[in-house]
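**Student:** Got a predicted structure here, sequence first:
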Amino acid sequence: MIETLRNVLQVKGLCVKVKTDQGMVPLVHDVDLTIKSGTVHGLVGESGSGKTVTSMSLLQLLNPKATSIEGSIRLNGRELNGLCHKEMRSIRGKEIALIMQNPMSAFSAVFTIGHQFVETIRTHTALTRKQAIELAITSMQDVNLPEPAELMKRYPFQLSGGMLQRVMIAITISLRPSLIIADEPTTALDMTNQLQVLRQLNRIRSEYGTSILLISHDLSVIAEMANEVSVLQHGRIVEHSDVYRLFDEPKHDYSKQLLATRPALMMDKQVKELIVS
Ligand SMILES: Nc1ncnc2c1ncn2[C@@H]1O[C@H](COP(=O)(O)OP(=O)(O)O)[C@@H](O)[C@H]1O
Ligand SMILES: [Mg+2]
């Protein structure tokens, strides 16, 4: 079934280097990654293995003066590597969205949630202010945020981390991107909010056919959510397989180590109850 799906993201030979006093230092080596429509691709690896550098380079969010990105990054067939800042800005958010670990950093402290939500919608669509407000409210209802109209009047610091994370997901949903990159989206959240966020991501995937690159060091999250998994070690993909095969018969020593050191899958039952519907 999965074989017949369209490739939404196709990355080939991605190499990322950073400028240092000692010269250009490679952080990501020759990464290949394919994500099909409506599927979740898990990217796992211990802290410092290059997960965030990889995701930032896909979105062209690294400072071009300090880094170099080689290789091909195709989104729905279009090459992203080498696009100018302005072209990339119109693609980010609308076609490819990033959900970050720390939701606070995605918001400006000086504008209300509503202002930032509505401005983001209006930047990427032709909607009027009134239509954008309506879309913001329905998207917030979609992620079970209480009293959206009231929340819109608040400032980011007045919301909990879990609520802000859901606002960020609501913004993402409202633009219906074909690919969401979620970099440790639940790491900063308590268990209840983790489950909520995962459930919403899964709902977007099944309702809109959105593809998701789910980055996590938490293998229980990957086990529940991902169709395919790539394992990153020292900036290289050392194993790629479907999720069942990875957990049943990991090939690479590093994957075996990761699986051996994972915390007991205590969340499994709860996650399943909430996600599978
Ligand atoms: N601006 C930078 N300059 C030098 N090294 C960096 C820079 N940003 C990240 N790194 C290094 O790149 C490696 C990968 O980092 P990162 O992608 O954040 O890892 P992960 O997200 O998997 O924890 C780390 O060793 C980190 O120290
Ligand atoms: Mg990271």
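**Tutor:** Right, received. Where do you want to start? Ligands and ions are numbered 1, 2, ... in the order given.

**Student:** Show me what from the stretch 1-150 of the chain comes close to ligand 2.
**Tutor:** Residues of the stretch 1-150 of the chain that fall close to ligand 2, judged by Cβ under 5 Å from the ion: 51-52. From N, CA and C alone the C-beta is placed, and that goes for glycine too.

**Student:** Now do the contacts for the residue in the stretch 1-150 of the chain that ligand 2 sits nearest to.
**Tutor:** Nearest to ligand 2, among the residues of the stretch 1-150 of the chain, is T52, at 3.2 Å (Cβ to the ion). Taking Cβ atoms under 8 Å, 6 or more residues apart in numbering, we find T52 in contact with 183, 215.

**Student:** Any stretches of the stretch 1-150 of the chain with poor pLDDT?
**Tutor:** Flagging of the stretch 1-150 of the chain using pLDDT under 70 yields the residue ranges 1-3.

**Student:** swap in the stretch 151-277 of the chain?
**Tutor:** Judged by pLDDT under 70, the stretches of the stretch 151-277 of the chain that qualify are 262-277.

**Student:** Break this protein down into its domains, please.
**Tutor:** Here the chain is described, according to automatic domain parsing, as comprising the domains 2-95+181-275, 102-176.

**Student:** excluding its backbone neighbours, what's nearest the spatially most central residue of the chain?
**Tutor:** The residue at the geometric middle of the chain, judged as the C-alpha nearest the mean C-alpha position with Cα atoms, centre = their mean, is A182 (1.6 Å). Spatial nearest neighbour of A182, chain neighbours left out: I99 (4.4 Å); criterion: Cβ to Cβ, 6 or more residues apart in numbering.

**Student:** what's that neighbour in contact with, if anything?
**Tutor:** Remark: with contacts taken as Cβ under 8 Å, 6+ apart, I99 is in contact with 165, 168-169, 172, 180-183, 185.
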